[in-house]
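Undergrad: sequence and predicted structure, then a few things I'm wondering about:
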Amino acid sequence: MEQVLYKLPDGWEWQTLSETTLNAKADIVDGPFGSNLKASEYVSEGVPILRLQNVDRLSFINKNIQFITKEKAEQLSRHSYKVGDIVITKLGAPLGKACIVPDDFEDGRIVADIVRARINENAYDKRYICYAINSSVCVRQLESQTKGATRPRVNLSHMRGLILPVAPIAEQKRIVEKLDALLTRIDIAIEHLQECVTLADALSKNGLSEIFESLKDRYEVVPLSSVVKINSGIALPKLFKNGFSDGDIPFFKVAQMNNHHETMVAPEITFNETVAKEHKIKLFPKGSTLIPKRGGAILTNKKRMLLEDASYDSNIMGLKADESKISDEYLFAFMRTIDLANFVDASTIPQVNNKHIDQMQIPLASIEEQADVVSRVNLLVKKVETMNSEMQRQQDDLQALKSSILDSAFKGEL
């Protein structure tokens, strides 16, 4: 642990998390051994059970709470928490996110990947301990103890042995008051920035819609399906099941739409013309606008353009413009105004089908005006992206400031 320890102020000492409890074995516990609960074990109401998504760094997330029956809760009585307890994540990246269960919540149970700590409040301020667990000195300790490359995890003994910089109780309370004031102000600033991002996105959508609405008084409006060719993707060829790289023709999966580009880039699978002919792999034309066709990806509302002839999987739909009527760029600009969530089937698995494309109405502007529309749309999108990028940078700076303040607090510098 030497790499994470440093000289403490007079009167401070290093203590393990176990030492801040009355009985570590009973006061620091994790969820039930083995896999977490199955989906079938959750019920619509009952005893709440906390999962990883309910625990953030210094924040309790009171959303998507799952419940189990009282009978099941009895079986898991050892894995309980009470309001006021500290709950800590022992799986994922980053590790060691900790928060206090708020008083307006309910007592319940925890899943396997959460640790509950019940602090001895006669000797320690639990808010101080929670702040300390979230500081870099503790996070680094946990990171150094992780097992598993893809899903880093620490065990319960590492949590109990977590070393904390502990100040005298009066100093603990002073530090907590200071941190409460400073971090609350930063959180408010971050919240305001996020509100600005949301507002900018809404204004952008309205601005894009107004550009196309203004055309409807002067040009014919037709179903989108009448001016595009709809090309649904293909099932992943068996040849590509374990990956494939031999040539310069891309094969895209729907997951590769999860990027910050407007185009499809960085294919994981490539092939050549010989492979395409031999295995009868269908190619789709460059300039196509791609959208998710099936599954939760539809709700992300992503649109991407193909820069080259390529193939793509069956979870993707491609729209290729009839260039005698509209340009590929005009089609892509129009699709920016479409919220795909408004067109999905009300089924278990969201889907966009040909009939939904037929419901979308596009104005047939002149070729010259289409070019002007594309320029105006691109300019608006660029302005909003630049603004959002700057606000994201400011949010990142504020998060870094929070970490810096926490580190200073537990070196006695606050």
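TA: Received it, and whenever you're ready, just let me know what you need.
Undergrad: what is the mean pLDDT for the longest helix seen in the chain?
TA: Counting by DSSP state H, the longest helix found in the chain is helix 169-213. Throughout helix 169-213, pLDDT has a mean value of 95.
Undergrad: which residues touch Lys173?
TA: Lys173 makes contact with Asp125, Tyr128, according to Cβ atoms under 8 Å, 6 or more residues apart in numbering. Yep, even glycine has a C-beta here, placed from its N, CA and C like the rest.
Undergrad: look up how far Ile249 lies from Thr274.
TA: Separation of Thr274 from Ile249 (Cβ to Cβ, to the nearest Å): 10 Å.
Undergrad: what about these two, which has more around it?
TA: Counted by other Cβ atoms under 10 Å, Thr274 and Ile249 do not tie: Ile249 has more neighbours, with 19 against 10.
Undergrad: torsion angles phi and psi at the more buried one?
TA: In this entry, Ile249 is assigned phi and psi values of phi -90, psi 120 (degrees, to the nearest 10).
Undergrad: returning to what we had before: so which bits of the helix or strand just after the longest helix of the chain are buried?
TA: On the C-terminal side of helix 169-213, the closest following helix or strand by DSSP states H and E is strand 221-223. Buried residues in strand 221-223, counted by 16 or more other Cβ atoms under 10 Å: none are found.
Undergrad: residue ranges with poor pLDDT in this structure?
TA: Low-confidence regions of the chain, defined here as pLDDT under 70, cover residues 1-4, 33-36, 148-150, 345-348.
Undergrad: neighbours around Arg376, how many?
TA: If we define neighbours as other Cβ under 10 Å, then Arg376 has 14 of them.
Undergrad: just checking, it touches Leu208?
TA: No. In this structure Arg376 lies outside contact range of Leu208 using Cβ atoms under 8 Å: 9.2 Å.
Undergrad: what ranges do the helices span in the stretch 1-150 of the chain?
TA: Under the criterion DSSP state H, counting those that start in this stretch, helices of the stretch 1-150 of the chain are mapped to 24-27, 70-75, 126-133, 136-144.
Undergrad: can you tell me which of those is packed in deepest?
TA: The highest average neighbour count among these, using mean count of other Cβ atoms under 10 Å, belongs to helix 126-133 at a mean of 23.
Undergrad: give me the angle between that one and helix 136-144.
TA: For the pair helix 126-133 and helix 136-144, the angle between their directions (axes from the mean of the first three to the mean of the last three Cα atoms, to 10 degrees) equals 60 degrees.
Undergrad: quick one: helix 126-133 to helix 169-213, angle?
TA: Using the same axes, to 10 degrees, helix 126-133 lies at 70 degrees relative to helix 169-213.
Undergrad: how about residues contacting helix 126-133?
TA: 17, 20, 58, 84, 86, 88, 96, 98-100, 117, 119, 138, 162, 164-167, 172-173, 175-176, 179-180, 406, 409-410.
Undergrad: of these, buried ones?
TA: Burial by neighbour count, judged by 16+ other Cβ under 10 Å, picks out 17, 20, 58, 86, 88, 96, 98-100, 117, 119, 138, 162, 164-167, 172, 175-176, 179, 406, 409-410 from the contacts of helix 126-133.
Undergrad: just the ones of these in strands?
TA: Applying DSSP state E to these, the entries found in strands are Ile86, Ile88, Ala98, Cys99, Ile100, Ala117, Leu164, Pro165, Val166.
Undergrad: closest to Asn155 out of the residues you listed?
TA: Within those, proximity to Asn155 (Cβ to Cβ) peaks at Ile88, which comes in at 12.5 Å.
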